[in-house]
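*Asks:* can you look at this prediction? I've put the sequence above it.
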Amino acid sequence: MGRAVFVNGDFVPEEEARVSVFDRGFLFADGVYEVVSVLEGRLVDFPGHMARLRRSLGELGIAPPMEEPEFLAMHRELVARNALEEGLVYLQVTRGAADRDFIFPPAETPRTVVAFTQAGPLVDKPAGREGLRIITVPDIRWGRRDIKTVQLLAPSLCKMAAKRVGKDDAWMVEDGVVTEGTSNNAYIVAGDTIITRDLSNSILHGITRAAVLRLAREAQMRLEERPFTVEEAKAADEAFVTSASSFVTPVVEIDGLLIGEGVPGPVAARLREIYVADARKSAI
Ligand code: PDD
């Protein structure tokens, strides 16, 4: 039997997990999601992910389907039922099922809540040791990238463009400056300064980003939150990305040009180590 999956209040075998064809997540991408990493069977940065979920729902005017303690209990139950030691929990909330109409259904329409686990190593991953080779592509997404919606076709197309030319991922570029990676936040290191784009509607407010910047400050590292150009990135000493699924992962090549020596640099390596140690300690 496959995984236990959470669907609208029940834990069911994945073969039996179903949502309606009228679900607005399916018809309109009218839903939001979170991805929480699991280390040693515990949830990493969970309160941050719940705060962002609440914000994403609020920005779309979707009433929260449950309170945070219920979300926590559900995540823990899912981890336990699937004996998940290391991997991810994916959570999606949509506005629910209703006759197809651009106008929202009544607010009391039951939201759809789905969650499932994906097992797999997060700490001991080749990309963490060897780094990513990326390309730059135009950022073709919408104007509210701060809301973590399930409309992921644009990033999917961008990642496929990278895959087609034998690379690992893409950084998206708008007006000559990098917004972020297809599913991660982007950073460069110039001298002793870590540079990452400041928060706005243009990027997702990464939960891992917040933790990594806090840890970098605590370690007295120099930080600048501002947009950076592709040229700056190519001339940088180091580059890296952060996300719940990649933690801190070095970038060693951009558009065919090696970054620094073309191997993971010391700043990214140190931040990865510090982040993983902190995540293990603070996971719940
Ligand atoms: N992606 N930017 C984008 C566009 C993302 O999709 C993500 C996360 C991030 C990093 O956010 P966080 O640190 O909270 O994971 C930044 C998840 C992992 C995904 O779609 O699988």
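*Replies:* Cool, the structure landed. Residues are numbered from 1 along each chain as shown.
*Asks:* quick check: pLDDT value at the residue lying closest to Pro64 once chain neighbours are set aside.
*Replies:* Leaving aside its sequence neighbours, Pro64 sits nearest to Leu57 (CB to CB, 6 or more residues apart in numbering; 5.5 Å). (Each C-beta comes from the backbone N, C-alpha and C, glycine too.) We note a pLDDT of 98 for Leu57 in this prediction.
*Asks:* mind listing what Pro266 touches?
*Replies:* Listed by CB atoms under 8 Å, 6 or more residues apart in numbering, the contact set of Pro266 reads Glu238.
*Asks:* how much space separates it from Ile103?
*Replies:* 54 Å (CB to CB, to the nearest Å).
*Asks:* quick check, Val248 in a strand?
*Replies:* Yes - the assignment for Val248 is a strand, going by DSSP: H, G, I helix; E, B strand; the rest coil.
*Asks:* could you find the closest non-adjacent residue to it?
*Replies:* Arg272 (3.9 Å).
*Asks:* residues contacting the one you found?
*Replies:* Gly128, Phe247, Val248, Thr249, Pro250.
*Asks:* what about the helix or strand encompassing it, near the ligand?
*Replies:* The secondary structure element spanning Arg272 is helix 266-282 (assigned by DSSP states H and E). No - Helix 266-282 does not reach the ligand (CB under 6 Å from any ligand atom); its nearest approach is 10.5 Å.
*Asks:* and stretch 108-126, by the same measure?
*Replies:* No - against the ligand, stretch 108-126 shows no contacts by CB under 6 Å from any ligand atom, the least distance being 9.6 Å.
*Asks:* name the SS class of the residue nearest to Val165 when sequence neighbours are not counted, please.
*Replies:* Distances taken as CB to CB, 6+ apart place Ile135 nearest to Val165, at 6.4 Å, with adjacent residues excluded. The three-state label given to Ile135 by three-state DSSP is strand.
*Asks:* ok, back up a step: so the residue nearest to Pro64 lies in a helix, does it not?
*Replies:* Yes - looking at Leu57 with three-state DSSP, it is inside a helix.
*Asks:* OK, contacts around Ala73?
*Replies:* Under the criterion of CB under 8 Å, 6+ apart, Ala73 has no neighbours.
*Asks:* tell me which two of the contacts of Arg272 sit farthest apart.
*Replies:* Pairwise distances across these (CB to CB) peak at 10.9 Å, for the pair Phe247 and Pro250.
*Asks:* spit out the residues that contact those two alike.
*Replies:* Gly128, Arg272.
*Asks:* stretch 108-115: which residues count as buried?
*Replies:* Arg111, Thr112, Val113, Val114, Ala115 (16 or more other CB atoms under 10 Å).
*Asks:* is the one residue in the stretch 51-200 of the chain that gets nearest to the ligand in a helix, a strand, or coil?
*Replies:* Closest contact between the stretch 51-200 of the chain and the ligand, by CB to the nearest ligand atom, is at Ser183 (3.9 Å). Put simply, Ser183 is coil when judged by three-state DSSP.
*Asks:* now do the same contact list for it.
*Replies:* Pro155, Lys159, Asp169, Ser243, Ser245.
*Asks:* I'd like to know how far it sits from Lys148.
*Replies:* 11 Å.
*Asks:* same check, this time on Ser246
*Replies:* Ser246 is 16 Å from Lys148, by CB to CB.
*Asks:* ditto for Glu68
*Replies:* In terms of CB to CB, Glu68 sits 16 Å off from Lys148.
*Asks:* still on that earlier bit, among the buried residues of stretch 108-115, which one sits closest to Gly31?
*Replies:* Using CB to CB, Thr112 comes nearest to Gly31 of the buried residues of stretch 108-115, at 7.3 Å.
*Asks:* so what's the closest one closest to, chain neighbours aside?
*Replies:* Per CB to CB, 6+ apart, closest to Thr112 is Thr94, 4.4 Å.
*Asks:* mind listing the residues bridging to that neighbour?
*Replies:* Taking DSSP bridges, one obtains Gly31, Thr112 as the residues bridged to Thr94.
*Asks:* which residues touch it?
*Replies:* Asp23, Arg24, Gly25, Phe26, Asp30, Gly31, Val32, Ile62, Arg111, Thr112, Val150.
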